[in-house]
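got a predicted model here, sequence first, then my questions.
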Amino acid sequence: MKTVTIYTDGACSGNPGPGGWGAILMYGAHKRELSGGEANTTNNRMELTAVIQALSLLKEPCIVELWSDSKYVIDGLSKGWAKGWKARGWVKSDKKPALNPDLWDRLLELTEIHTLHYHWVKGHAENKYNNRCDELAVAESQKYK
């Protein structure tokens, strides 16, 4: 299987408010940037959307090195929280409803196709790819102001 590196980030101006997401996919010498946004959303929805959009571009099962500064995304996947929420009918262990079940459901479908390795990166630090994803996400969110 091919190994693809993906960096993602989401941004929101106000939470909820206008938001954007950015992603970078890298495979060998190839690099592709993508981004998008919504007029009224949340930061977590944008973080999830970035990963979904990036994974959706892969045309075959891949090994994916996923880098994100979102503990919500990384822990939700790597610690099995999202699978647990889904198994309980989108209810968290504290009996409260899990947020964003539509996006988590789609993301879980995509994780079944690919082999993912999860990496948390500190946001707004020295990682040039995470910083670029942040720039893309913020630029998208600005379009809705």
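Happy to help now that I have it.

how about the nearest residue to residue 113 once chain neighbours are set aside, phi and psi?
What sits nearest to residue 113 in space, not counting adjacent residues and going by CB to CB, 6 or more residues apart in numbering, is residue 61, at 5.4 Å. Just so you know, the C-beta spots here come from the backbone N, C-alpha and C atoms, and that holds for glycine as well. With angles defined as degrees, to the nearest 10, residue 61 sits at phi -60, psi 130.

how many other residues sit next to residue 61?
Neighbourhood size, residue 61 [other CB atoms under 10 Å]: 12.

any idea which helix or strand carries residue 108?
Counting by DSSP states H and E, the element that carries residue 108 is helix 101-113.

so what secondary structure elements neighbour that helix?
On a contact count with 3 or more CB pairs under 8 Å, 6 or more residues apart in numbering; DSSP states H and E, helix 101-113 meets helix 43-56, helix 71-78, helix 81-87.

outside of it, which residues touch it?
Applying CB atoms under 8 Å, 6 or more residues apart in numbering, the contact partners of helix 101-113 are 45, 48-49, 51-52, 55-56, 58, 61, 76-77, 82-83, 85-86, 90, 98.

for ChimeraX, what selects the buried ones among those?
Per 16 or more other CB atoms under 10 Å, the buried members of the contacts of helix 101-113 correspond to this ChimeraX selection:
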select :45,48,49,51,52,55,58,76,77,82,85,90,98
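
now the helix holding residue 108: how far from the chain's centre is it?
Centroid separation for helix 101-113 versus its chain: 11 Å, with CA atoms, centre = their mean, to the nearest Å.
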